[in-house]
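**Student:** Prediction below, plus the sequence it came from.
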Amino acid sequence: MRAHRVCTLENLGKTVDEMMEEYRTEINDVTDKSIRKVTKQTTKVIEVIAPIGYRGVYHVSLGEKFSRGATNLEGTVWGAKNHAYSLGHLLENGHFLWNRPTMPSGAYKHWVEGERFAQGELPEQIVSGIQKI
């Protein structure tokens with residue numbers, strides 16, 4: 001954003017509109033970069049605490065998915081990139097064991113720590129980025 005603008009009274013409204021558009025664009029860029037960074041960091045947090053599982057593939061199969069929302073980028077830590085996606089639901093909610101149908105396995109809430117991390121880190125990243133503008 002340019003520091004100083006010179007305008008006349010006749011084009012004051014247009015100049016203010018241009019400045020606000022530039023500021024909006026810069027804020028959206030900072031927000032998008034922060035969302036990408038925090039989503040990738042959150043994936044790493046979840047990978048560290050996720051159960052390794054029978055074949056050791058679930059915790060390393062997590063990935064990120066980004067989509068464009070109404071105003072900004074939306075980042076999601078995606079359950080898994082391959083067939084291990086079905087493990088996420090079973091691990092999160094628990095399930096009955098095939099060899100002991102009356103004894104359910106316990107639920108492992110490994111996503112909770114990632115959510116806490118993202119909720120605390122994202123606002124800090126956005127504010128930090130805005131202060132640098």
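**Tutor:** Here it is on my side, so go on.
**Student:** When you work out contacts or count neighbours from here on, use the C-alpha atoms and nothing else.
**Tutor:** Fine.
**Student:** Checking P101 next. Helix, strand or coil?
**Tutor:** Here P101 is recorded as strand under DSSP: H, G, I helix; E, B strand; the rest coil.
**Student:** Share the number of residues neighbouring it, please.
**Tutor:** 10 (other CA atoms under 10 Å).
**Student:** cool, and I35?
**Tutor:** Neighbours of I35 (other CA under 10 Å): 24.
**Student:** got it, and K14?
**Tutor:** Neighbours around K14, by other CA under 10 Å: 11.
**Student:** Same check on G75?
**Tutor:** 20.
**Student:** Could I get the pLDDT score of F96?
**Tutor:** F96 carries a pLDDT score of 73 in this model.
**Student:** quick one: it from Q131, how far?
**Tutor:** 51 Å (CA to CA, to the nearest Å).
**Student:** Look at those two and report which has more neighbours.
**Tutor:** F96 (13 against 8).
**Student:** So for that one, what's the nearest residue that isn't a sequence neighbour?
**Tutor:** Leaving aside its chain neighbours, F96 sits nearest to P104 (4.1 Å; criterion: CA to CA, 6 or more residues apart in numbering).
**Student:** Extract the C-alpha trace of stretch 119-126 and format it as PDB.
**Tutor:** Output of stretch 119-126 as PDB, limited to C-alpha atoms (Å, rounded to 0.1, in the frame of the first residue of the first chain):
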ATOM      1  CA  GLN A 119      -7.300 -22.100  17.000                       C
ATOM      2  CA  GLY A 120      -4.500 -20.500  18.900                       C
ATOM      3  CA  GLU A 121      -1.900 -20.200  16.100                       C
ATOM      4  CA  LEU A 122      -4.100 -18.800  13.200                       C
ATOM      5  CA  PRO A 123      -5.100 -15.500  14.900                       C
ATOM      6  CA  GLU A 124      -1.500 -14.900  15.900                       C
ATOM      7  CA  GLN A 125      -0.200 -15.500  12.400                       C
ATOM      8  CA  ILE A 126      -2.800 -13.200  10.800                       C
END
